[in-house]
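J.: here is a sequence with its predicted model. Questions after.
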Amino acid sequence: MNSEDKKLLKRVTLLGILKKQKGESLEEVIDSLIATGSYSPAEAKKLVNELKRDGLINKMGNLTMKGNKFAKEAEAMFKQ
């Protein structure tokens, strides 16, 4: 996966977390993205760990303030 693909997947993942339904877990969001063929389970695990390391999601699977900012930027980008 090249760096542009990785950036796009990060944006999609953050947006998925931003838009998750009340009571929906991070695992359910990731499973939905895997089901669409966005990435494999191994890629998803690696990406989630990277998002945690970057401080974009917390250990509970929720967006941090920084993650929320990036997710909203991704949402605006996709609306264009």
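T.: Cool, the structure landed. Computed from a predicted model, the values in this text were never measured in an experiment.
J.: any idea which residue sits dead centre in the chain?
T.: In the chain, the residue lying closest to the centroid (Cα atoms, centre = their mean) is residue 13, at 2.0 Å.
J.: pop out the phi and psi values for residue 57.
T.: phi -130, psi 150 (degrees, to the nearest 10).
J.: could you check how far it is from residue 70?
T.: 10 Å (Cβ to Cβ, to the nearest Å). Yep, even glycine has a C-beta here, placed from its N, CA and C like the rest.
J.: who's more crowded, these two?
T.: residue 57 (24 against 19; other Cβ atoms under 10 Å).
J.: which one is that one nearest to, not counting chain neighbours?
T.: Distance criterion Cβ to Cβ, 6 or more residues apart in numbering; nearest residue to residue 57, sequence neighbours excluded, is residue 51 at 4.8 Å.
J.: what about the one you found, which helix or strand?
T.: helix 41-53 (DSSP states H and E).
J.: other SSEs contacting that helix?
T.: helix 3-18, helix 26-35 (3 or more Cβ pairs under 8 Å, 6 or more residues apart in numbering; DSSP states H and E).
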